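J.: below: sequence and its predicted model.
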There are 2 protein chains.
Amino acid sequence: MTIEQRNAIYSFEPALIDEIQKLGSERLMDAGEELMRPGMYVRSIPIVLSGSLKIMRQDEKGNETFLYFLTGGDTCAMSLTCCTANRPSSVRAIAEEPTKLIMVPVEMMDLWLQKYPSWKNFVFQSYQNRFDDLMEAVDSLAFKKMDERLWRLLKKKAALQEKRYVYNTHQELADELSTSREVVTRLLKKLEAMGKIKTHRNRIEIL
Amino acid sequence: MTIEQRNAIYSFEPALIDEIQKLGSERLMDAGEELMRPGMYVRSIPIVLSGSLKIMRQDEKGNETFLYFLTGGDTCAMSLTCCTANRPSSVRAIAEEPTKLIMVPVEMMDLWLQKYPSWKNFVFQSYQNRFDDLMEAVDSLAFKKMDERLWRLLKKKAALQEKRYVYNTHQELADELSTSREVVTRLLKKLEAMGKIKTHRNRIEIL
DNA sequence: ATCTGATTGTGACAATTGTCGCCGCTTTCA
DNA sequence: TGAAAGCGGCGACAATTGTCACAATCAGAT
């Protein structure tokens, strides 16, 4: 997928697309590769062209919890704010699958905000979408029990790649839910008994 | 506190201050009064002049959880996005104490973004601050046990008004933490035994 | 083929949190 | 003054989640 195709979604002006292609640099990431970690200073804004990024929050002791996914056309709100304020990231971003990004230098942010209405819309739309995503994460953490959180995570992962299978170990899922491996194993058994999934090694089938 | 005094913080241009005063309308809220509820359409952007707003997330079943406070100079990021996109609010905003707001008509948003650099900075700064606040809320929900969440909430409430006393019932605290009254009572006893607080009727003393 | 490490399964138990019932005290208001 | 409602305290128990120990199974490397 190219930036032109994304254009259809956000109606970037042709001149803006030119600039993005001229000044931005493409980056290909393998699944599991880390784009950003807490404390890191970000000097360019990533726009996802294809694949997906998993955004995680980390506490001081290294515990993690999943926040949301970024997919095609999305950008990281954290980058937008961190870049402009020159502050370090407070989240971790990992490629969930092979992912293609275009990295836009932070210097363009301000200029384009003035110059291109579509860029301004894109930025504001991104903030709004990320707020919604965070609200969903808060709902899950505050109101749902672990079994439902696990089930929702599995469905979201399956939907991402439009596949029936989720390729994760119990430990990986536990890390994303900030719980322990045994708990995930236990709840997966429960979901299996309920007929919602079928477990395999390194792979879970959504029914 | 007037908009001029906040000006020192955000360096609003004099012309912008004039416009805010001319076009905005002041609103006084009693403690506990509701400014916004989920599903409500917002047609003006509130800027807090004095006092504080409590922002809560609600799920479909009416459970609530505290997200963050807005205090002097803050504005609601939800309003910024909801107004521009004409979408209903997804949070509840309640005055935590007697609170003075200035309500700015949403029509000004776009215009001022072009016209006043300080407004643009203000808006972006607000997004960033609210993101930070939400991250703190997520940390609390994902990584902290109830006793520490309660303790942090009490400290935050005390700091808000720079007082030793927090005037809340156990039930109110339970609602903000999305737990039950008994649990709060139990944990308050524990905090009292640890010498961190002293409980009174309708009032908790932070030591 | 065998070893090794990663993955999954399981039982027992502890800690935390949620829920119920009931009590006594205080405040409010009729 | 008396009733009702709100507030806080307490004990018992259930449900959920966290933790530990250990076994069984699978996949890949040598």
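T.: Here it is on my side, so go on. Computed from a predicted model, the values in this text were never measured in an experiment.
J.: quick one: residue A:53 and residue A:93 touch, right?
T.: Yes. With contact defined as Cβ atoms under 8 Å, residue A:53 counts as touching residue A:93 (5.0 Å). Using the backbone N, CA and C atoms, a C-beta is placed for each residue, glycine as well.
J.: now do the shared contacts for these two.
T.: Residues touching both residue A:53 and residue A:93 (Cβ atoms under 8 Å, 6 or more residues apart in numbering or on different chains): A:35, A:46, A:70, A:76.
J.: what sits up against the helix or strand containing the first one?
T.: Mapping residue A:35 onto the secondary structure by DSSP states H and E places it in strand A:34-36. In this structure, residues lying in contact with strand A:34-36 by Cβ under 8 Å, 6+ apart are A:29, A:42, A:46, A:53, A:76, A:78-79, A:89, A:91-95, A:101.
J.: so which elements touch the helix or strand just after that strand?
T.: The C-terminal neighbour of strand A:34-36 among helices and strands, as given by DSSP H and E, is strand A:44-50. On a contact count with 3 or more Cβ pairs under 8 Å, 6 or more residues apart in numbering or on different chains; DSSP states H and E, strand A:44-50 meets helix A:3-10, strand A:25-29, helix A:77-85, strand A:99-105.
J.: ok, and what's touching the next helix or strand after the third one?
T.: Downstream of helix A:77-85, the first helix or strand assigned by DSSP H and E is strand A:91-95. Here strand A:91-95 makes contact (Cβ under 8 Å, 6+ apart) with A:29-38, A:46, A:51-58, A:64, A:67, A:70, A:76, A:78, B:135.
J.: pLDDT weak spots in chain A?
T.: Along chain A, segments meeting pLDDT under 70 span A:1-10.
J.: tell me if stretch A:54-68 is near chain B.
T.: Yes. Shown here: stretch A:54-68 in contact with chain B (Cβ under 8 Å from any Cβ of the partner chain) through A:57, A:59, A:61, A:63, A:65, A:67.
J.: thinking again about what came up before, tell me the one of the contacts of strand A:34-36 nearest residue B:120?
T.: Nearest to residue B:120 out of these is residue A:79 (Cβ to Cβ; 17.8 Å).
J.: that closest one contacts residue A:47, correct?
T.: No. With contact defined as Cβ under 8 Å, residue A:79 does not reach residue A:47; the gap is 9.5 Å.
J.: tell me how many other residues crowd the closest residue to DNA strand C within chain A.
T.: Nearest residue of chain A to DNA strand C: residue A:169, at 3.3 Å (Cβ to the nearest atom of the strand). When neighbours are defined as other Cβ atoms under 10 Å in any protein chain shown, residue A:169 has 14 of them.
J.: shouldn't it be in contact with residue A:200?
T.: No. Judged on Cβ under 8 Å, residue A:169 makes no contact with residue A:200 at a distance of 11.3 Å.
J.: picking that back up, and the two most separated of the shared contacts of residue A:53 and residue A:93?
T.: Most distant of the shared contacts of residue A:53 and residue A:93, by Cβ to Cβ, are A:35 and A:70, 9.9 Å apart.
J.: the two - which one has more neighbours?
T.: A direct count of neighbours by other Cβ under 10 Å for residue A:35 and residue A:70 places residue A:70 higher, at 26 against 23.
J.: what's near enough to touch the more buried one?
T.: Shown in contact with residue A:70 (Cβ under 8 Å, 6+ apart): A:48, A:52-53, A:55, A:76, A:93.
J.: any chance of these in TSV with distance to residue B:121 as columns?
T.: Output for those, formatted as TSV (distance: Cβ to Cβ, whole Å):
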residue	distance to residue B:121
A:48	27
A:52	32
A:53	28
A:55	25
A:76	20
A:93	26
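J.: what does chain A put close to DNA strand D?
T.: Residues of chain A found near DNA strand D (Cβ under 7 Å from any atom of the strand) are A:145-147, A:178-180, A:182-183, A:187, A:201.
J.: most neighbours among these, which one?
T.: residue A:187 (22 neighbours).
J.: dump the contacts of strand A:34-36 to TSV, plus neighbour count and distance to residue B:154.
T.: Formatted as TSV, these follow (neighbours: other Cβ atoms under 10 Å in any protein chain shown; distance: Cβ to Cβ, whole Å):
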residue	neighbour count	distance to residue B:154
A:29	21	43
A:42	22	35
A:46	23	39
A:53	27	37
A:76	25	34
A:78	23	29
A:79	25	35
A:89	20	30
A:91	23	28
A:92	20	30
A:93	26	34
A:94	18	36
A:95	22	41
A:101	26	43
